[in-house]
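Chemist: 3D model of this:
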Amino acid sequence: MILDISPYSTDKNLGKAYNDAFRNTSDEVTHICFRDGDTCWLTPDYGVHLAEYVRLYPDAVLTCWTNRINERAEQQSKMQVHDGTRVRDNQHIVRIATDMTTHLIAAQMQLKDLYNVTPLHGFVSGFCMVIPRSVWNNNKFAEQQVYSDRGPTNMLGVDNDFTNRIRAAWVPVLRMDGLYMFHIYRMLQGDHDKSHLL
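Modeler: Predicted coordinates:
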């Protein structure tokens with residue numbers, strides 16, 4: 001069974017919230033899809049496809065395409081941001097489309113690549129991570145801040161630390177090429193506003 005959730009921590013300890021999600025579910029839950037609270041699947045049958053990806057790649061950590069992620073992640077790895085959601089304005093400046101139709105079309109178009117995957121080797125954004133219980137059993141999320149430049153709470157960098165450690169343990173991190181998820185990610189506040197996380 002796959003659980004699709006958006007954990008939240010009033011203590012601003014996302015690593016503990018992720019660990020608690022596994023601790024508090026039965027062993028029947030073999031995978032948990034952790035999503036940021038500002039994300040949205042855009043195809044009604046995403047669950048069927050998610051289940052098939054899990055069946056095909058049961059031992060991998062999975063993610064998907066999106067429109068917006070942390071700018072550091074985007075600079076270091078173009079492997080999660082979908083180009084079809086970029087538009088040019090009158091000054092030819094590239095911006096992320098804000099109308100939902102563009103994102104619905106991107107999600108529909110990605111279905112042509114269903115069940116294909118692409119290995120990710122660089123910086124991985126955790127807006128969506130499908131994690132097998134077997135991987136979590138051997139690689140818990142850090143419950144204290146690992147990175148000195150990410151602030152005092154354990155909200156920023158939890159995804160990076162986890163994916164770096166599991167890759168070092170030879171667990172593949174794969175992008176589900178046929179799935180696209182909308183991510184608001186500070187669309188109104190700007191990429192640099194992290195006040196809600198610190």
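Chemist: Strands of this structure, start to end?
Modeler: Ranges of strands in the chain, per DSSP state E, are 2-5, 31-35, 39-41, 61-66, 86-88, 94-96, 117-119, 128-132, 173-183.
Chemist: so which of those strands is the most packed in?
Modeler: Greatest average neighbour count among the strands of the chain goes to strand 61-66 (a mean of 25), per mean count of other CB atoms under 10 Å. C-betas here are computed from N, CA, C, even on glycine.
Chemist: Which other helices and strands does that one contact?
Modeler: For strand 61-66, the elements it packs on are strand 128-132, strand 173-183, judged by 3 or more CB pairs under 8 Å, 6 or more residues apart in numbering; DSSP states H and E.
Chemist: between it and strand 31-35, how big is the angle?
Modeler: Strand 61-66 and strand 31-35 are oriented at 30 degrees to each other (axes from the mean of the first three to the mean of the last three CA atoms, to 10 degrees).
Chemist: how far is strand 61-66 from where the chain is centred?
Modeler: Taking CA atoms, centre = their mean, to the nearest Å, one finds strand 61-66 lying 6 Å from the centre of the chain it belongs to.
Chemist: average pLDDT for that strand?
Modeler: Averaged over strand 61-66, pLDDT sits at 94.
Chemist: re the thing from before, now the strands of the chain as TSV including distance to Thr153?
Modeler: Shown next, in TSV, are the strands of the chain (distance: least, CB to CB, whole Å):
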stretch	distance to Thr153
strand 2-5	20
strand 31-35	17
strand 39-41	20
strand 61-66	23
strand 86-88	32
strand 94-96	27
strand 117-119	31
strand 128-132	19
strand 173-183	21
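Chemist: Those: lowest mean pLDDT?
Modeler: With a mean of 50, strand 86-88 has the lowest mean pLDDT of these.
Chemist: Now do the residue nearest the centre of the chain against Thr10, distance only.
Modeler: Taking CA atoms, centre = their mean as the criterion, Cys128 is the residue nearest the geometric centre of the chain, at 2.2 Å. When distance is defined by CB to CB, to the nearest Å, Cys128 is 22 Å away from Thr10.
Chemist: Spatially nearest residue to Lys112, not counting backbone neighbours?
Modeler: Distances taken as CB to CB, 6 or more residues apart in numbering place Gly178 nearest to Lys112, at 7.4 Å, with adjacent residues excluded.
Chemist: What residues does the one you found make contact with?
Modeler: Gly178 is in contact with 49, 53, 110-116, counting by CB atoms under 8 Å, 6 or more residues apart in numbering.
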